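Participant: I would like to see how this sequence folds:
(2 chains)
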Amino acid sequence: MEDGERNGDAGEELKAQNQRAAVQFKAQHALVVAFFLLLFLFHALGIYLFCSGFLLSRLVLQDRSQCAVPPIEVQDEYTIGSIGSGCWHPKSFDKAVVILVDALRYDFTVPFQPQPGDDQPRHFHNALPVLYETAVDAPNNAFLRPFIADPPTTTLQRLKGLTTGTLPTFIDAGSNFAGTAIDEDNLVEQLYKAGKKVVHIGDDTWHSLFPGYFEPNLTKPFDSFNVWDLHTVDNGVNEHLFPLLEADMQGRWDVIIGHYLGVDHAGHRYGPNHPAMHEKLKQMDGILRRMIDKLDDSTLLVVMGDHGMDVKGDHGGESDDEVEAALWMYSKRPVFGSRDADSVRPPLTAKECAVGQIDLVPTLAFLLGLPVPFNNLGQPIAEAFLGPKTDFDDLAKVSRLTSAQIHRYQGQYAKARELDDFATSTTSLLWQEANKVYNAVRTGTGKPTSSDIANAFNAYQTEHLRICRGLWARFDLASMSMGIAALIGTFAVIAIYAHGIGADRATITPLLLAWGAAGTAAGAVVGAAVGFILSLSLVTLSAFGAAMGGIGATLVGLWPARKILRLPVPRTFWGGLCFLITLLLCVGFASNSFTIWEDEQLLFILTTFGVLMLGSSLGQASREDRVLGASNSLSFLVATRLSSLSRLCREERMPNCRSTYYASATSSTSASWQLVIPVLVFAVLPSAIAFFFGRTRNYEGIGVVWIGYAMRVGLGLVALFWVLDAADDSGWIPGISESSLKTSRVLIAQIVLALAFAGGYAIFVLASPLLDVQHEAAQPVDSPSPSSSEPLQTDEPIFTPLNNAPEKPKPKLIIYGYANTHGTRYLLLPTLWFLALLLLQKPMGQGVLALCLLSLLNILEILDALDQRHSPLGPVLFALLGSYYFFKTGHQAALATIQWESAFIPLKTIAYPWSPLLVVLNTFGAQILCAIAVPAIAVWKVPPKQPGVLGRVAGAMATHVLFYAAIALATVVEAAWLRRHLMLYRVFMPRMLLAIIVLLLVEFVGAVVALVGVRWSVGSVYEVFGWPGT
Amino acid sequence: MTTPTKPDTALKPGKPLDLLQTQPSLFFANLQPILLLGTLLLSFRSLVADPVNTLLFLAPTIAIVQALYCIICLPSTGDTATPATKPGQKKKTPRTQRQDIWAKVIPVFLSLTLTALLSTPLLYILLILFGAPLTTHHLHTLLLALHLALLTTPHLFYVHGLDATAWLRIASLHLPVDEVYGMSLGACVGAWLGAIPIPLDWDREWQKWPVTVVVGMYGGAFVGKLVGGYLFRGWRIKLS
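Facilitator: The predicted structure follows:
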């Protein structure tokens, strides 16, 4: 009895000990996650500081132009200030119909010009001839001009430019998903204040920009982001616009703004060179012809594009194809003219006789008798004021008035910003010169004519515009330096955390976290106080204080552990190689060529790693390791080269690059043969993953349920989704309506997401390790028990000393899958995310993402064969893979390559916050997948009771983040250094934005998904095998 | 990263190779890298203008230089087994000159055959893996692979034969560096470095495929041979 009690006591104690260890592990784990979130905060603060100084800023002046207050004395008989006849100048039209055809590129409107080697018209050619025809047939009634947009070429930015006449700043580019009201002087507000009735029909972006200015009864907004829908908006605009042109609606409106979206959506969905685009443009042709018929004499008809589109039909950047839109004005009365006989016909390319989009603002203002908006920088378009007989008097007057308004604006802006004179001295000279010419003509002395006046004032406007462009590219160097300092500090903290600690880093993390958090709070307070005392920017200084205080305190927190610290420098061959490659990449980003060709570089680098790993595998002592390492290295090399065949070229790489991601270079749909890829992934991938699990006999239990059944079903549904999508695109199933196809597609997508996240996470959280436990019945003593894996036996003899009976044969417990319990258990997490990420990729992207997953598994095996699971090799390779497959899933470091349409895979309409989130998952799918797989490096094939697993996982994750932090730091410094470089906005800034977004995303996902996931996977293994560490 | 080898350890990492200690041998061993690099640099202009034909015409010349190098300077596979004489000590007086010549020409012939039929296809695949054009420029890449093979493998075949352990050591960088191995490694590193200038937007004629890689590997072979033969002789790269 006594022994039995002792037995029970020991059991109790063991249990309590286990419980203590479990609690300790969970607490430590939570603190490690919190520490990574603190690092995330440091990075976010640094990036905020840098961006607030780097991204362009322009002071918005609140002044408004008044009808009764012209910017300069008008010295002729005209009485100013009457809205009825025209504020500063006699008006030409009472009413206007302004039609905005979204993404109407200039070459859509002019006849195709055959050239050697390019003699076949595309689908977008010759489909919308009405503008060109009228401009040629009746040059006094219509003119057509290239209409150059100021990038970024997003609709929101363009609408601001087209109504305020000023230049956009980059910081607004991202706000396309949620526009905000314009708070500076603009045409719509001027119309509204003049008592004109403005009707708007179409794209609802206008309503977020000009809330409350439109006639509520007649206005009809439409959702603008459903880019899959080519016809709803256009049909809606027609339905509501044409009735207004009837005679009985006269007097109900003064200006109609109609915004058609079909052309833009056709571009986004199919690309310009597609029959759907041809149909769309022909439809627009018919609509415009009907409109011309209905027009009366006192109404001006304006048709324009707000931007163009690139060869794939996307826009947002500043390539020629994206900025070259078309502008056409039409009137039943002959009022237009041209400078000379040569410029009567519309130019055949967008390179000649172009006008700026901001020029529309003063032009429309004078034609409709409004004051020119205060912040306008454009000049009047000559053709609208020359008249049928080419009389320069009117043009001279409006040019002078416009320039005078610009001069007034310039004075106000200089006063508000306390600018010195040197920036404006050239403009002052030109201004004086123009006034001299004007006075000479007025007093009749000298030779100058009205046309010289117009030219002189235009010269002033042009120079002023040039100065403004330079001025608003002004960078706040102080804020940028603070940001860079914070990024460098954070980099140092992570480098020491990952490579400078010679003991279990999980045990000192709590100390670092406490110091870091306290330092952040104290730094924020100190920064705010300093800002308050010196009356500097509070936000900037407290952000800087928080970042530097936190970083400094974290480093101070290392002091007690100084004995185990060492310099974080590479000490092994692989460490040195990782360091060298990262350094080379960082340096390469200072060159636009290397940035443009980054995906080819990454292929080269990954292959270098692959070849060296192959070589190193061949040098392993044991034959088993040699075969394992070599076969996986070969598989890795082939997978990497295979996925390099998926390519999306950025514009700068033309003509040395051929895109394969979509059906053709001018399309954004997948080719039908590419549908084979999802089917292939469905057929092969689960078996391939099962093979990796099965190698250590871990393809057991819930693993079979998830990979063998659930995932296979999910992949099948993904393939089905894309087949239905292609069927919809090409009209394969004529019997079923488009809307029911869409409904079923969306439903399928939602089922896949539910399967991945609800089903997958439930399995991941609740599953026990993927082991096969077999009870072996008692056998006669003399027959040896066959066991292919290590048998686990309870230490019974200790507890059964009294049992003197002869040893009877006992049942045995055999555990299969002991060798890789941790690794396979954790791997469930990346695979469930993989399923969700896969759904959001195009068919080509699915193939390469599957190869990415296989490569990750290959690397895990190679690291085991080379015994390099604790070197930086794995985490850095994963980061390289993430960056590489970002490009291979059809992306580039350019705004135009964002696959917006991925927001509509599981949704029918825009829904916040899901739509932006889906686009993020599509864009950064590869980086997310690789980041989630990082903890597997540290736990792959380690014994179940290995101590210090958490510290190793944290080290791997820190190394992974360190790579992205290095890239972000390098691109940030290089963008700051090259801030006057010609390619800043095309190459360096997009790459920098990509780097900082990826850094924050990887850090966040790494902490919240990957490290949090470790708690369940490692915890479930410890539950079975016992908690170590006590 | 590199340490001097300790002879006769359990792993038997092998020994650095000694050249034949004859006057012509030492003379030609020093002449060979100059010949290789000189030939390339002299035909650089035509290499840029017409890479395919130039590489094709250069190949026999390079093969002959390499063959002569093997015959004159290197002990062949069979000889390595017999312990090499100490440097400085006169080599045994040659037995029958004629026999010796044939004993050398046949392995050289075999080495070159293996280079053409085994190394070249393997290196071709390797170049494709590294991102060489897959659908175009087949001839360019193939000739590049041939030249890379000529610079890296004939002397290795000649010295190490087809001994599997030796080749595993070569592949895993376990072999101690000597001038033969150094030249092969140098050519590979040079070719790797030679790929770097290709994407730059300098718009130079010589940036076209595969000129920079060819120049890189010849330069690399030159440097590798000197460094392997003198500076780092006997050192071993430690991968792990």
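Participant: contacts, neighbours, all on C-alpha from now
Facilitator: Noted.
Participant: Please work out how many residues are found near A:P560.
Facilitator: With neighbours defined by other C-alpha atoms under 10 Å in any protein chain shown, the count for A:P560 comes to 11.
Participant: Would you agree it falls within a helix?
Facilitator: Yes. With DSSP: H, G, I helix; E, B strand; the rest coil as the criterion, A:P560 is part of a helix.
Participant: and it, what pLDDT?
Facilitator: What the model reports as pLDDT for A:P560 is 86.
Participant: again, but for A:G925
Facilitator: For A:G925, pLDDT reads 96.
Participant: Apart from its neighbours in sequence, what residue is nearest it?
Facilitator: A:L837 (5.8 Å; C-alpha to C-alpha, 6 or more residues apart in numbering or on different chains).
Participant: now the host helix or strand of that neighbour, how far from the chain's geometric center?
Facilitator: Using DSSP states H and E, A:L837 sits in helix A:821-839. Centroid separation for helix A:821-839 versus its chain: 25 Å, with C-alpha atoms, centre = their mean, to the nearest Å.
Participant: can you tell me how far the spatially most central residue of chain B sits from B:V105?
Facilitator: Nearest to the mean C-alpha position of chain B, counting by C-alpha atoms, centre = their mean, stands B:T152 at 2.9 Å. If you measure B:T152 against B:V105 using C-alpha to C-alpha, to the nearest Å, the figure is 19 Å.
Participant: which helices and strands does the helix holding A:L837 pack with?
Facilitator: Contacts defined by 3 or more C-alpha pairs under 8 Å, 6 or more residues apart in numbering or on different chains; DSSP states H and E place helix A:821-839 against helix A:711-730, helix A:738-754, helix A:760-766, helix A:843-866, helix A:925-939, helix A:1012-1025.
Participant: if we can go back for a sec, do I have it right that the residue nearest to the centre of chain B meets B:G182?
Facilitator: No. Contact criterion C-alpha atoms under 8 Å: B:T152 and B:G182 do not qualify, at 9.3 Å.
Participant: Check what pLDDT residue 102 gets.
Facilitator: Just going to use chain A. At A:D102, pLDDT is 92.
Participant: that's the other chain; I wanted chain B
Facilitator: For B:W102, the predicted pLDDT is 80.
Participant: check contacts around B:A63.
Facilitator: B:L112, B:L150 (C-alpha atoms under 8 Å, 6 or more residues apart in numbering or on different chains).
Participant: Not counting sequence-adjacent ones, nearest residue to the residue of chain B found nearest chain A?
Facilitator: Nearest to chain A, among the residues of chain B, is B:S172, at 4.2 Å (C-alpha to the nearest C-alpha). Ranked by C-alpha to C-alpha, 6+ apart and with sequence neighbours excluded, the top spatial neighbour of B:S172 is A:G615, at 4.2 Å.
Participant: Am I right that the one you found is in a helix?
Facilitator: Yes. Under three-state DSSP, A:G615 falls within a helix.
Participant: residues contacting it?
Facilitator: Counted by C-alpha under 8 Å, 6+ apart, A:G615 has contacts A:A630, B:L168, B:A171, B:S172, B:L173.
Participant: Which helix or strand contains the first one?
Facilitator: Right, A:A630. helix A:623-643.
Participant: hmm, that helix touching chain B?
Facilitator: Yes. Using C-alpha under 8 Å from any C-alpha of the partner chain, helix A:623-643 comes into contact with chain B via A:L637, A:V638, A:R641.
Participant: Can I get the residues you listed in JSON lines including pLDDT and neighbour count?
Facilitator: Listed next are those as JSON lines, based on pLDDT from 0 to 100; neighbours: other C-alpha atoms under 10 Å in any protein chain shown:
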{"residue": "A:L637", "pLDDT": "97", "neighbour count": "24"}
{"residue": "A:V638", "pLDDT": "97", "neighbour count": "17"}
{"residue": "A:R641", "pLDDT": "96", "neighbour count": "19"}
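Participant: TSV for those, including distance to A:D119?
Facilitator: As requested, those are exported to TSV (distance: C-alpha to C-alpha, whole Å):
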residue	distance to A:D119
A:L637	42
A:V638	40
A:R641	36
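Participant: what are the C-alpha coordinates of stretch A:95-102, in PDB please?
Facilitator: C-alpha atoms of stretch A:95-102 as PDB (Å, rounded to 0.1, in the frame of the first residue of the first chain):
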ATOM      1  CA  LYS A  95     -24.700  74.400 -71.300                       C
ATOM      2  CA  ALA A  96     -22.300  71.600 -71.600                       C
ATOM      3  CA  VAL A  97     -22.400  67.800 -71.800                       C
ATOM      4  CA  VAL A  98     -19.100  66.400 -70.500                       C
ATOM      5  CA  ILE A  99     -18.700  62.700 -71.300                       C
ATOM      6  CA  LEU A 100     -15.800  60.900 -69.600                       C
ATOM      7  CA  VAL A 101     -15.000  57.600 -71.300                       C
ATOM      8  CA  ASP A 102     -12.700  56.000 -68.700                       C
END
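Participant: can you list the residues of chain B near chain A?
Facilitator: B:1, B:129-131, B:168-169, B:171-174, B:199-201, B:238-240.
Participant: Which ChimeraX command selects the buried ones in those?
Facilitator: Those of the residues of chain B next to chain A that count as buried under 16 or more other C-alpha atoms under 10 Å in any protein chain shown are selected in ChimeraX with:
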select /B:129,130,131,168,169,171,172,173,174,199,200,239
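Participant: So which of the contacts of A:G615 belong to strands?
Facilitator: The members of the contacts of A:G615 all map outside strands under DSSP state E.
Participant: So which of these sit within helices?
Facilitator: A:A630, B:L168, B:A171 (DSSP state H).
Participant: what's the closest of these to A:L511?
Facilitator: A:A630 (42.6 Å; C-alpha to C-alpha).
Participant: In the top helix by length along chain B, which residues are buried?
Facilitator: If you go by DSSP H, chain B has its longest helix at helix B:51-73. With burial defined by 16+ other C-alpha under 10 Å, the residues of helix B:51-73 counted as buried are B:51-52, B:54-56, B:58-59, B:62-63, B:65-73.
Participant: swap in stretch B:114-128?
Facilitator: Buried, per 16+ other C-alpha under 10 Å, within stretch B:114-128: B:L114, B:T115, B:A116, B:S119, B:T120, B:P121, B:L123, B:Y124, B:I125, B:L126, B:L127, B:I128.
Participant: cool, stretch A:83-93 as well?
Facilitator: So for stretch A:83-93, counting by 16+ other C-alpha under 10 Å, buried means A:I83, A:S85, A:G86, A:C87, A:W88, A:H89, A:P90, A:K91, A:S92, A:F93.
Participant: same deal with stretch A:192-211?
Facilitator: A:194, A:196-207, A:209-210.
Participant: pretty sure A:I928 is touching A:A1007, no?
Facilitator: No. Counting by C-alpha under 8 Å, A:I928 sits too far from A:A1007 to count as a contact (11.5 Å).
Participant: who's more crowded, the two?
Facilitator: Set A:I928 next to A:A1007 and count neighbours by other C-alpha under 10 Å: A:I928 wins out with 29 against 25.
Participant: A:S633 against A:L618, yeah?
Facilitator: No. A:S633 is beyond contact range of A:L618, at 10.3 Å (criterion: C-alpha under 8 Å).
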